[in-house]
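Enquirer: Have a look; sequence and predicted model below, questions after that.
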Amino acid sequence: MKKRMLSLVMAAGLLALGAAGCGNAKEDADVPGGADSRSAEGLSGTISLAGSTSMEKLCEALSESFMEEYPDVTVTVEYTGSGAGLEALAAGSVDIGNSSRSLKDEEKQNGAVENIVAIDGIAVIVDKENSVTDLTTEELAEIYQGGITNWSELGGADEAIVVIGREAGSGTRDAFEELLEASDQCRYAQELDSTGGVLAKVASTPGAIGYVSLDVVDDSINTVALNGVEPTEENILAGNYLLSRPFVMATQGEVSEQSELVQAWFDYIHSKEGQDVITSAGLIVK
């Protein structure tokens, strides 16, 4: 009889332990920081991106912050230009193609999905000695199409205009020309392969004019207002400044179809911490 009672007590104890174990598992699954979070923290591997040079500042900041959050993940980024980045994505050689312009219809038809992560302004810049501070959209288009060739025609010094721009395939160039309605009509004195190159060239060349991503503007050059509107975040958000474009991190297929690593990357971008990184890089959160 005593043996039977002991067996019953032990069985009851085992059942209670089993129920408690099930309850803890459910709590871990339901409560933030439970089993799912531990699994996420265990991510490891490499995420590869390639594309727009204009997105370098953003990508470097996001990569550094993301890898601090996930120390076993490596993020690699190549700055090859928007067109080349999207070609690499289509070829399957990278996880994400960075583009500083909207995707073209043919790129979407080939399976690329446009994931807009930020909005950027394109600033028109001149050297520090230039006295011209404002241009109309029409005047800017004429400068780049070769119709206006001297700053004296715009109230400035008697000095030849040196037209600087980006190389063919650049997302900044595509967006700039499209917004000016001057696609494939611009005449460049020099075509440079990076945003930093344009900034440095305009800063060191008397009479030069160029265009760069708003987030890289510094004291080495002057910005030019368009139609009386300065290139500022407030004016872009209000829709008053013409030259603005999306920063796209394209994927081949929807984000939900990507690897766990890539999905974690986009989850981070849309988190408060990721959004703070975007704004600290001088960009506008979409």
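Expert: Sure, I can see it.
Enquirer: Report the mean confidence score over the top strand by length along the chain.
Expert: For the chain, the strand with the greatest residue count under DSSP state E is strand 116-126. Averaged over strand 116-126, pLDDT sits at 96.
Enquirer: Same question for stretch 198-206.
Expert: 98.
Enquirer: Report the buried residues of that stretch.
Expert: Residues 198-199, 201-203, 205 are the ones in stretch 198-206 that count as buried (16 or more other C-beta atoms under 10 Å). Yep, even glycine has a C-beta here, placed from its N, CA and C like the rest.
Enquirer: can you check stretch 87-105 too?
Expert: Within stretch 87-105, the residues that count as buried by 16+ other C-beta under 10 Å are 87-90, 94-103.
Enquirer: Likewise for stretch 121-138?
Expert: Applying 16+ other C-beta under 10 Å to stretch 121-138 flags 121-127, 130, 132, 135 as buried.
Enquirer: Going by distance to Phe66, which of those wins?
Expert: When these are ranked by distance to Phe66 (C-beta to C-beta), Gly121 comes first, at 24.8 Å.
Enquirer: show me the contacts for Tyr188.
Expert: Contacts for Tyr188 (C-beta atoms under 8 Å, 6 or more residues apart in numbering) come out as 144, 163-165.
Enquirer: rewinding a little: so which of the buried residues of stretch 87-105 belong to helices?
Expert: Using DSSP state H, the subset of those located in helices is 87-90.
Enquirer: Tell me which residues are up against stretch 84-104.
Expert: The set of residues external to stretch 84-104 that reach it, using C-beta under 8 Å, 6+ apart, is 47-52, 54-55, 59, 77-78, 80, 82, 107, 110-112, 114, 120, 169-172, 174-175, 178, 213, 245-252, 258-259, 261-262, 265.
Enquirer: any idea how far that stretch is from the chain center?
Expert: 12 Å (C-alpha atoms, centre = their mean, to the nearest Å).
Enquirer: rewinding a little: tabulate the contacts of Tyr188 in JSON lines, adding columns for distance to Glu233.
Expert: Below are the contacts of Tyr188 laid out as JSON lines (distance: C-beta to C-beta, whole Å):
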{"residue": "Tyr144", "distance to Glu233": "25"}
{"residue": "Val163", "distance to Glu233": "27"}
{"residue": "Ile164", "distance to Glu233": "24"}
{"residue": "Gly165", "distance to Glu233": "24"}
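Enquirer: Determine which two of these are furthest apart.
Expert: Farthest apart among the contacts of Tyr188 by C-beta to C-beta are Tyr144 and Ile164. That separation is 10.0 Å.
Enquirer: before we move on, the earlier item: so which of the contacts of Tyr188 belong to helices?
Expert: Using DSSP H, Tyr144 are the members of the contacts of Tyr188 that sit in helices.
Enquirer: Nearest to Gln275 among the contacts of Tyr188?
Expert: Gly165 (31.6 Å).
Enquirer: Return the residues in contact with that closest one.
Expert: Residues in contact with Gly165 (C-beta under 8 Å, 6+ apart) are 144, 173, 176, 186, 188, 190-192, 198, 210-211.
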